[in-house]
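Visitor: Have a look at this fold, sequence not included:
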């Protein structure tokens, strides 16, 4: 599994848009938590993906889907990063995502993903 030395907005954008499900998990600390809020996982009961192995499986699923990912806006402040992402399936269905990341040292320790789907 390849890794990058610096996890920043540019590296995240490149990995997401390249659908690199093997590289993305290397950005996370071993005990990181990714919370997903969407139509199936409301704010009162978000999906929690815990640990690098589970995060690796999550990104293998997402990046394995036949869809286009486009990271639009990236904002950073101190040890936090946020970005928006637009995705499109071949049938034209779209997904919008806003992600909020907190770093601990050089790796991501917490991320919240809020996504809305067509339909």
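Guide: Done, it's in. Everything quoted here is computed from the prediction, not taken from an experiment. Numbering: from 1, shown residues only.
Visitor: Next SSE downstream of the top helix by length along the chain?
Guide: Longest helix of the chain, by residue count under DSSP state H: helix 51-63. Next in sequence after helix 51-63, counting helices and strands by DSSP states H and E, comes strand 68-77.
Visitor: Give me the residues contacting that following strand.
Guide: Residues outside strand 68-77 that contact it (Cβ atoms under 8 Å, 6 or more residues apart in numbering) are 8-9, 12-13, 16-17, 19, 81-88. The way it works is simple: take the backbone N, C-alpha and C, and place the C-beta from them, glycine included.
Visitor: Measure how far the longest helix of the chain is from the centre of its chain, please.
Guide: From the chain centre to the centre of helix 51-63 is a distance of 10 Å (Cα atoms, centre = their mean, to the nearest Å).
Visitor: Could you list every helix and strand in contact with that helix?
Guide: Here helix 51-63 touches strand 28-37, going by 3 or more Cβ pairs under 8 Å, 6 or more residues apart in numbering; DSSP states H and E.
Visitor: who does the strand it packs on pair up with?
Guide: Take DSSP bridges as the rule and strand 28-37 pairs in its sheet with strand 47-50 (antiparallel), strand 107-117 (parallel).
Visitor: Buried ones in the longest one, by neighbour count?
Guide: It stands for strand 107-117. 108, 109, 110, 111, 112, 113, 114, 115 (16 or more other Cβ atoms under 10 Å).
Visitor: Repeat that for stretch 93-110.
Guide: So for stretch 93-110, counting by 16+ other Cβ under 10 Å, buried means 95, 97, 99, 101, 103, 108, 109, 110.
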